[in-house]
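Q: test case, fold it:
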Amino acid sequence: MARKAKIAMLPHEWRASTSLAGVYALRMLGMFLVLPVLALHAHGLAAHLPESEQLKMVGLSMAMYGLTQALLQLPLGILSDKIGRKKVIYLGMAVFAGGSFLAASATQVETLVIARAIQGAGAVSAAVTALVADLTREEVRTRAMSMIGLSIGLTFSVGLVLSPILTRWVGVDGLFVIMGALSAASIALVAFYTPNPEKSRLHQDAQAQTSRIGEVLKNTQLLRLNFGIFVLQTGLMAIFTALPFALRQLGLDKTEHWQVYLPATVIGLILMIPAIVIGETRNKLKQVFVLGIALVLLAQFALIFSLHAIWLIAAVLIVYFIGFNILEASMPSLVSKIAPVDLKGTAMGVYNTLQSIGVFMGGMLGSRMYAHFGFVGVFGFCCVIVAVWLLVALTAPAPQPVKNIMFALPQAWHSRLDELSGSLKNVAGVESVSFSEDKNTIFIKALQIGFDEEQVKQILTGV
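A: You can find the predicted model right below:
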């Protein structure tokens, strides 16, 4: 049987996908580029405070980015429906740049906390995904969104490694200046390179619908995943409130921390790929998912006993990042498989909000644990919350091996939706059929193996 030809992206779709993936990656860079050095930098700016207050302010500087991100992510997405996607992106990136330059000029930790809150307020992710949806056809939109996902993964790995190296050259203040400059450049990129959409409309597969958030919160399988991303980000931020101090105590300057992070991130990224491939192709997603949680739990437990040697910390972080990367890559896919297709945008909106709340809680709780109980308190706390997550995941049903497909709905079918739905549900491999509110798009959830896509196309075009 001849292999089905993949629909190629049009030039404007490629420009939209690549440029907006870059903007999205820059938004994530606001957290990842300074993550390895921020705790030590904030601690240095808090020298004028009592010791008990210093770590509290360290936690706030780590956390505030996530808080304002969580509060403004969905509202700015809604605003983009009213005033335009690009205007919201310009506004968000300008705010992010302003926060970055303020952070670069901070001489006291209180200013840094305010600057981090301003950075987080540049919450453009919902507007970016909506603009991608405006500029891509249904048949290639999943591919475009995957490019954004890939950019996030690469930003995480590159940010952790480059952060200490760049700090040696330009200092932490210089990192913030770089982020501010890149933010300003991204405004020009969107203005002059990203195409303008002919019109903007609600895309249920890519945008959150506030009226349907309740449906997401009632779905127990999605709740498990939302709890999971909250725990994963809480644990990550908590670790990085304490780990830089542990490395410094072992005599490793913050500009040399890349020696620990480089092997961990590279090996973790490489070994994540076969795990995800096995999970997707062999219908082993739950097993791979549980393995990822178990590896994160094992690594966090092992950190408690590894703080006396740099090489041990590096080895444990390799295990941690294998698990972390597996989970970061697989969880959005699981949300997509579990959520009804016309609810996917809302499900991802809730998921992303819980991710940002996890960033906030991790910074706050991690710093409190470190202040009162030291390194053991931080890593022990992480073990407890991940162990709870592991139990939750073990009791979850395995997700169906399905995929989501969208098609533009021909005008001739608009008055015969029930007939079309019945015909499509009889096609091999079709699990569910739904339509967008404007009746311009049809959403199909289908089995990964055994789905007859050609028959669906024949039905749609053979009116």
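
Q: and Asp253, how many neighbours?
A: By the criterion of other CB atoms under 10 Å, Asp253 has 12 neighbours. From N, CA and C alone the C-beta is placed, and that goes for glycine too.

Q: what do you get for Ser186?
A: Counted with other CB under 10 Å, the neighbours of Ser186 add up to 26.

Q: just confirm it contacts Tyr24, I think it does.
A: No - using CB atoms under 8 Å as the test, Ser186 is too far from Tyr24 to be in contact (9.8 Å).

Q: quick one: mean pLDDT for stretch 9-20?
A: Mean pLDDT, stretch 9-20: 92.

Q: any idea how far it is from the chain center?
A: 21 Å (CA atoms, centre = their mean, to the nearest Å).

Q: buried ones in it?
A: Using 16 or more other CB atoms under 10 Å as the burial criterion, the residues of stretch 9-20 that qualify are Met9, Glu13, Trp14, Ala16, Ser17, Thr18, Ser19, Leu20.

Q: before we move on, what about stretch 49-58?
A: Leu49, Gln54, Leu55, Lys56, Met57, Val58.

Q: just name the shakiest helix or strand of this structure by mean pLDDT.
A: Scoring the helices and strands of the chain by mean pLDDT, DSSP states H and E places strand 402-408 at the bottom, with a mean of 84.

Q: that one: how far from the chain's middle?
A: 22 Å.

Q: which neighbours does that strand have in its sheet, and in what orientation?
A: Strand pairing for strand 402-408, using DSSP bridges, gives strand 441-447 (antiparallel).

Q: so whatever helix or strand comes next after the partner strand versus strand 402-408, what angle?
A: The helix or strand immediately downstream of strand 441-447 is helix 453-461, counting by DSSP states H and E. Here the directions of helix 453-461 and strand 402-408 differ by 30 degrees (axes from the mean of the first three to the mean of the last three CA atoms, to 10 degrees).

Q: list of residues touching helix 453-461?
A: The contact list for helix 453-461 (CB atoms under 8 Å, 6 or more residues apart in numbering) reads 4, 405, 407, 409-410, 413, 420, 423-424, 427-428, 430, 442, 444, 446.

Q: give me the buried entries from those.
A: By 16+ other CB under 10 Å, the contacts of helix 453-461 give Ile405, Phe407, Leu409, Trp413, Leu420, Ser423, Leu424, Val427, Val430, Ile442, Ile444, Ala446 as buried.

Q: for the last one, which non-adjacent residue is closest in space?
A: It refers to Ala446. Gly429 (4.9 Å; CB to CB, 6 or more residues apart in numbering).

Q: retrieve the pLDDT associated with that neighbour.
A: 89.

Q: can you count the residues close to it?
A: 18.

Q: gap between the helix ranked longest in the chain and the chain center?
A: What stands out as the longest helix in the chain, according to DSSP state H, is helix 138-192. Centroid displacement of helix 138-192 relative to its chain, using CA atoms, centre = their mean, is 13 Å.

Q: elements contacting that helix?
A: Packing contacts for helix 138-192, counted by 3 or more CB pairs under 8 Å, 6 or more residues apart in numbering; DSSP states H and E, involve helix 11-32, helix 35-45, helix 85-105, helix 125-135, helix 258-281, helix 310-338, strand 402-408.

Q: check the gap between the residue nearest to Ala264 when sequence neighbours are not counted and Ser19 for me.
A: Sequence neighbours aside, Leu317 is the residue nearest to Ala264 in space, at 3.7 Å (criterion: CB to CB, 6+ apart). According to CB to CB, to the nearest Å, Leu317 and Ser19 sit 33 Å apart.

Q: and Glu454, by the same measure?
A: Distance from Glu454 to Ser19, counting by CB to CB: 33 Å.

Q: would you map out the domains in the protein?
A: Domain ranges of the chain: 10-203, 231-399, 402-461, per automatic domain parsing.

Q: for the longest one, measure first residue to last.
A: What that stands for is domain 10-203. One end of domain 10-203 sits 20 Å from the other (CA to CA, to the nearest Å).

Q: list the contacts of the helix or strand where Leu298 lies.
A: Leu298 is part of helix 285-303, with elements assigned from DSSP H and E. For helix 285-303, contacts defined as CB under 8 Å, 6+ apart pick out 228, 232, 235, 239, 243, 275-276, 278-279, 313, 316-317, 319-320, 322-324, 326-327, 330-331, 333-334, 337, 375, 379, 382-383, 386-387, 389-390, 393-394, 396, 398-399, 401.

Q: report the buried members of those residues.
A: Among those, those classed as buried by 16+ other CB under 10 Å are 228, 232, 235, 239, 243, 275-276, 279, 313, 316-317, 319-320, 322-324, 326-327, 330-331, 333-334, 337, 375, 379, 382-383, 386-387, 389-390, 393, 396, 399, 401.

Q: for stretch 55-72, the distance to its chain's centre please.
A: Using CA atoms, centre = their mean, the distance from the centre of stretch 55-72 to the centre of the chain it belongs to is 17 Å.

Q: and it, average pLDDT?
A: In the prediction, stretch 55-72 has an average pLDDT of 95.

Q: cool, and stretch 358-373?
A: For stretch 358-373, mean pLDDT rounds to 96.

Q: mind listing what's buried in it?
A: For stretch 358-373, by 16+ other CB under 10 Å, it's 358-371.

Q: now swap in stretch 152-162 and tell me
A: Of the residues in stretch 152-162, those buried (16+ other CB under 10 Å) are Ile152, Gly153, Thr155, Phe156, Ser157, Gly159, Leu160, Val161, Leu162.

Q: ok, residues contacting it?
A: Contacts for stretch 152-162 (CB under 8 Å, 6+ apart): 24-25, 28-29, 31-33, 35-36, 258, 261-262, 265-266, 268-269, 325, 328-329.

Q: just to revisit the earlier point, nearest to Ala42, of the buried residues of stretch 9-20?
A: Ranked by distance to Ala42 (CB to CB), the buried residues of stretch 9-20 are led by Leu20 at 31.3 Å.

Q: surely that closest one meets Leu131?
A: Yes - applying CB under 8 Å, one finds Leu20 in contact with Leu131, separated by 6.1 Å.
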